[in-house]
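J.: Here is my input; please provide its structure:
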Amino acid sequence: MTVEDRDLTLLDDAAHAAELPRESDSLDEENTLKKDFVRRVQDALAEDDQETVYALVEPLHPADIADLFELIEVEERPVLAKAINDLMGSEVFAELNDHVRELLVESLPAEAIADIAEQLDTDDAVAMLEDLDERDQQAVLAEMEPEDRAAIESALSYPEESAGRLMSRDFVAVPEHMTVGDLIDFLRDSHELANEFWEVFIVDARHHPVGTCALSWILRTPRAIRLTDVMQRDQTLIPVSMDQEEVALRFQKYALISAAVVDESGRLVGQITVDDVVHIIQEEAGEDVLLLSGAGDGDVNEPIRDSYVSRVRWLVANLLTALLGATIISSFSGAIEKLVALAALSPMVASIGGNAGTQTMAVAVRALATNQLTRANTRRILWRELRVAMLNGGTVATLIGLATALVFASPLLGAVIGAAVLTNIVTAGLAGVLVPVTLDRMGQDPAVASSVFVTMITDSMGFFAFLGLAVASGLVG
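T.: Presented below is the predicted three-dimensional model:
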């Protein structure tokens, strides 16, 4: 090859490379995919230009490929998956949104799903397979290696959102008779150990965990020292049936990096690591907020029908509870006809009470979720929120009372609405704590239905207190 030919080749390569997107060409300063990049991918998909699609997507990180699936239209997602088939590895599937992954899995043959599942950690593989119907699930499991199939079937036997579903079966456990030197040699010579681990579990003859050794201790301890002399005996053990939210609280409370998971007999069956818990904390925090609002999963990738079903039932429930407020108003129709100001001011009383109730309810639900509110301190928390409600009620009642007295030139009307607002905010403070606590005591998720009951109580009390005080005070004859 001549110098000129080589230079031409280099120029051609440079020009070709310039046509391909570098990561900086596809991501903006906030590290999200640029709109024009997504549009170029969609245009190539529309033209069935798979080569261009592949060239555009290939430089992306697996997490950015997963984001791309969320940014394009639903009908384009299977087409994109087909165009970048060999890029659709376990790293991408582990990052996919649940609804997007479910759609893609349904479009893949059982052999392809099995290949991907075998590359994933057990918990990620379970998350991919658990939403399949029984027939498809069994078809995928039949294509897997016996060892991987057994691990996933075991995980699927545990309840959803339990430690058994969450745990990884890739961990390092050694017998207690070993020395540090024995352990180091074992770690170096074994080729089938977990790829990533931070501590080694020490087990007895029954495979019960008796202690842990952090890798830092192992590396800094003389070889002749027995593991039982250097291991930490106090450890936090996670039962397989423990709810994942409680698991996250354990990690947060005890500052854990990893923890052993034990079955009903106390045998070590898996481990949970902090990266799994971070995901849980994020998931549970968002879940409680969405449940309080009745918004279902709150996922923009959720099918429209599922979003409709999850949201409309709470709107219907609100409609039914609103009938109570309407009934109270209608019973005071005579008073409202004599003083139109009552009709104008009634919604303000109910609205202020509703907002106060929502504030207290959010605090109570969060406190229940994080174990800050327990049976041991319920009375103290209730008294605390009652005092906050009285202070808030006194402040708002004074402001609205003075404003009403000035605007309507009626000190009595100002006093009535002030008293009604104070009553409703105090009621809201009590309801905001008592409703979630009562639901929790009944074994129900307090985030699910609290808002419906609190809203019903504050609306009804707001209308009743204001209109009732107006009649009782002689404001209307």
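J.: Okay, now the unreliable bits of the stretch 301-450 of the chain?
T.: The model of the stretch 301-450 of the chain has pLDDT under 70 over residues 301, 310-311, 314-315, 448-449.
J.: now the helices: where do they sit in it?
T.: Secondary structure of the stretch 301-450 of the chain (DSSP state H, counting those that start in this stretch): helices at 304-331, 333-338, 341-369, 378-407, 411-441, 446-472.
J.: now the fifth one, how far from the centre of its chain.
T.: The one in question is helix 411-441. Helix 411-441 sits 31 Å away from the centroid of its parent chain (CA atoms, centre = their mean, to the nearest Å).
J.: In that helix, which residues are buried?
T.: Neighbour-count burial for helix 411-441 flags 413-437, 439-440 (criterion: 16 or more other CB atoms under 10 Å). Yep, even glycine has a C-beta here, placed from its N, CA and C like the rest.
J.: hmm, back to that, who wins for proximity to L156 among the helices of the stretch 301-450 of the chain?
T.: Go through these one by one with CB to CB and the one that ends up closest to L156 is helix 304-331, at 22.3 Å.
J.: The closest one to helix 446-472, inter-axis angle?
T.: Angle, helix 304-331 to helix 446-472, by axes from the mean of the first three to the mean of the last three CA atoms, to 10 degrees: 20 degrees.
J.: Packing partners of helix 304-331?
T.: On a contact count with 3 or more CB pairs under 8 Å, 6 or more residues apart in numbering; DSSP states H and E, helix 304-331 meets helix 446-472.
J.: Grab the nearest non-local neighbour of Q372.
T.: Spatial nearest neighbour of Q372, chain neighbours left out: R366 (7.7 Å); criterion: CB to CB, 6 or more residues apart in numbering.
J.: And that neighbour, how far from A224?
T.: 51 Å (CB to CB, to the nearest Å).
J.: okay, these two: which has more neighbours?
T.: Between R366 and A224, counted using other CB atoms under 10 Å, the more crowded position is R366 (17 against 9).
J.: pLDDT value on D299, please?
T.: pLDDT, D299: 60.
J.: How about the contacts made by V92?
T.: V92 makes contact with P62, I65, A66, according to CB atoms under 8 Å, 6 or more residues apart in numbering.
J.: And these, which is closest to D48?
T.: For these, the nearest to D48 is I65 (19.6 Å; CB to CB).
J.: related to what we said a few turns ago, tabulate the helices of the stretch 301-450 of the chain (JSON lines), appending distance to L166.
T.: Converted to JSON lines, the helices of the stretch 301-450 of the chain look like this (distance: least, CB to CB, whole Å):
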{"stretch": "helix 304-331", "distance to L166": "24"}
{"stretch": "helix 333-338", "distance to L166": "56"}
{"stretch": "helix 341-369", "distance to L166": "17"}
{"stretch": "helix 378-407", "distance to L166": "30"}
{"stretch": "helix 411-441", "distance to L166": "23"}
{"stretch": "helix 446-472", "distance to L166": "20"}
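J.: Can you say which of these is nearest to E29?
T.: E29 sits nearest to helix 304-331 of all the helices of the stretch 301-450 of the chain, at 31.7 Å, using CB to CB.
J.: can you state the direction angle for that closest one and helix 341-369?
T.: Between the axis of helix 304-331 and that of helix 341-369 there is an angle of 130 degrees, by the same axes, to 10 degrees.
J.: State the distance spanning the first to the last residue of stretch 258-273.
T.: 4 Å (CA to CA, to the nearest Å).
J.: Residues in contact with it: which ones?
T.: With CB under 8 Å, 6+ apart as the criterion, stretch 258-273 contacts 122, 163-164, 166-171, 173, 197-199, 201, 203, 206-209, 212, 235-241, 247, 250-251, 257, 274.
J.: Check stretch 70-88 too.
T.: With CB under 8 Å, 6+ apart, stretch 70-88 has contacts from 33, 38, 41-42, 45, 50, 53-54, 57-58, 65, 68-69, 97, 100, 103-104, 107-108, 116, 300-301.
J.: So which of these sit within helices?
T.: Among the contacts of stretch 70-88, the residues falling in helices (DSSP state H) are 38, 41-42, 45, 50, 53-54, 57, 65, 68-69, 100, 103-104, 116.
J.: Drop anything exposed from the residues you listed.
T.: Restricting the ones in helices among the contacts of stretch 70-88 to buried positions leaves 38, 41-42, 45, 50, 53, 57, 65, 68-69, 100, 103-104, 116, with burial counted as 16+ other CB under 10 Å.
J.: List just the nearest of those to R220.
T.: The closest of these to R220 turns out to be I116 (CB to CB; 39.6 Å).
J.: For that closest one, give its distance to I65.
T.: From I116 across to I65, the span is 14 Å (CB to CB).
J.: sorry, back to before: now that we have the contacts of stretch 258-273, which of them are buried?
T.: Looks like those have 122, 163-164, 166-171, 197, 199, 201, 203, 207, 209, 212, 235, 238, 240, 247, 250-251, 274 buried, using 16+ other CB under 10 Å.
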